[in-house]
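Student: pasting the structure only:
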C-alpha cells in the first residue's frame, strides 16, 4: 500500500554550535484526494521544540513545520544521536480545523488508517567548532619540534668542528673520522634528550588536560545547575530515608501478621479445649446420675412388689 504522506527530507540534520539553537524545516506533501491531519512526536521532548506539532491540510497540498534543537553548552564527544521523531497522519472529514483535533483521532482502533513514519536525527559539527587536537597529535607535534631542535644543534656542532680544524688536514681518512665519530655521540645524546623531552611533554600534556577538564566542569556548571544538583541530592537523600522507613514498616507489618496468625491458632486451640471440657462435663454428669436413678427405680420396684405380696 502506497504512503498517503510524503516527507522531505526523511532525516533531521542539525548543525551543532555552542550556545546556539539549530533549526530544521520539514515539508509534508498530501498525496491523497482527502483531508489529512498530522501529529509530530519525539523521544526527547525537552530537547526539541516542534512548531506546529499538529495540523490539517487539504488534498494535494504542502505543509511545513520547524523543529528547533535547544542550545548545547558543551562540545559533544560523539556526534551520534539516538533521538527519533514520529509523524502520524490520518484521514479527517473535510473542513476539519486544528481546534477540532484530539488525541483519539490518532488512536489505532482497527477501523481508521493511521500511518506512522519514523525519522532519524543526525548532527553535523559547525565549521567554527573544530575538534581539539588529541594527546597523540600533540605528542607527535612535540616530538617533531624536539627532533628538529636536536638536528639543528647537531648541524651547528658539525659546522663548528669543521671551522676549527685547518683546511690542510682535511683528507680522505680524517674526513671519515670527523664525520662518523661525532655523529655517534650526537645520536646517543639525541636519544636521551628525546626520551627526556617526551616524558616532560607527556607530563605537561596530562596536567594541562586534567586542569582543562576541571576548569570546563566548573565553568559548565552555572548557579542554576548547582542549585538543581543540590536539590536532586536532597531529593535522593529523602528518597533513601523514605525507603528505609518503608522497609521498617514492612518488617513491622510482617511481624504483626505473624503475631496475628499465632493468636488465631491459640484461639482455635482454646475453642477445641473448651468443647472437649464441655463434653467431659456432660459425660461425668451422665455417669454420676445413672446410679442414683437406678437406686430410685429399684426402690420403686421393691415398694410395688411389697404392696403386691402383702395379704
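Tutor: Cool, got the structure. Please read these numbers as outputs of a predicted model, since none were measured by experiment. Residues are numbered from 1 along each chain as shown.
Student: show me where the stretch 1-150 of the chain has helices.
Tutor: Listed in chain order, the helices of the stretch 1-150 of the chain (DSSP state H, counting those that start in this stretch) span residues 135-164.
Student: show me where pLDDT drops low in it?
Tutor: For the stretch 1-150 of the chain, the stretches flagged by pLDDT under 70 are 1, 128-150.
Student: 90 instead, please
Tutor: Residue ranges of the stretch 1-150 of the chain with pLDDT under 90: 1-4, 16-19, 72-81, 95-96, 98-113, 124-150.
Student: tell me where it has strands.
Tutor: 5-8, 11-16, 22-30, 35-42, 48-51, 54-57, 62-69, 84-92, 114-125 (DSSP state E, counting those that start in this stretch).
Student: can you say which of those strands is nearest to residue 300?
Tutor: With CB to CB as the criterion, residue 300 lies closest to strand 114-125 of those, at 102.6 Å. For glycine as for every other residue, the C-beta is placed from the backbone atoms N, C-alpha and C.
Student: for residue 69, give the beta-bridge partners.
Tutor: Residue 69 has these beta-bridge partners by DSSP bridges: residue 22, residue 48.
Student: ok, longest helix in the chain?
Tutor: Longest helix of the chain, by residue count under DSSP state H: helix 223-309.
Student: most tightly packed of the strands of the stretch 1-150 of the chain?
Tutor: Among the strands of the stretch 1-150 of the chain, strand 35-42 has the highest mean neighbour count (mean count of other CB atoms under 10 Å), at a mean of 20.
Student: what's that one in contact with?
Tutor: With contacts defined as CB atoms under 8 Å, 6 or more residues apart in numbering, strand 35-42 is touched by 4-5, 28, 30, 48, 50, 53-59, 63, 65, 67, 83-96, 101, 105-106.
Student: now it against strand 22-30, angle please.
Tutor: Here strand 35-42 runs at an angle of 150 degrees relative to strand 22-30 (axes from the mean of the first three to the mean of the last three CA atoms, to 10 degrees).
Student: neighbouring strands for strand 35-42, and are they parallel or not?
Tutor: strand 54-57 (antiparallel), strand 84-92 (antiparallel).
Student: any chance of JSON lines for those strands, columns distance to residue 293?
Tutor: Shown next, in JSON lines, are these (distance: least, CB to CB, whole Å):
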{"stretch": "strand 54-57", "distance to residue 293": "99"}
{"stretch": "strand 84-92", "distance to residue 293": "96"}
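Student: how is the protein divided into domains?
Tutor: Taking automatic domain parsing as the reference, the chain has its domains at 5-125, 140-220.
Student: re earlier: closest one to residue 257 among the strands of the stretch 1-150 of the chain?
Tutor: Nearest to residue 257 among the strands of the stretch 1-150 of the chain is strand 35-42 (46.4 Å), distances taken as CB to CB.
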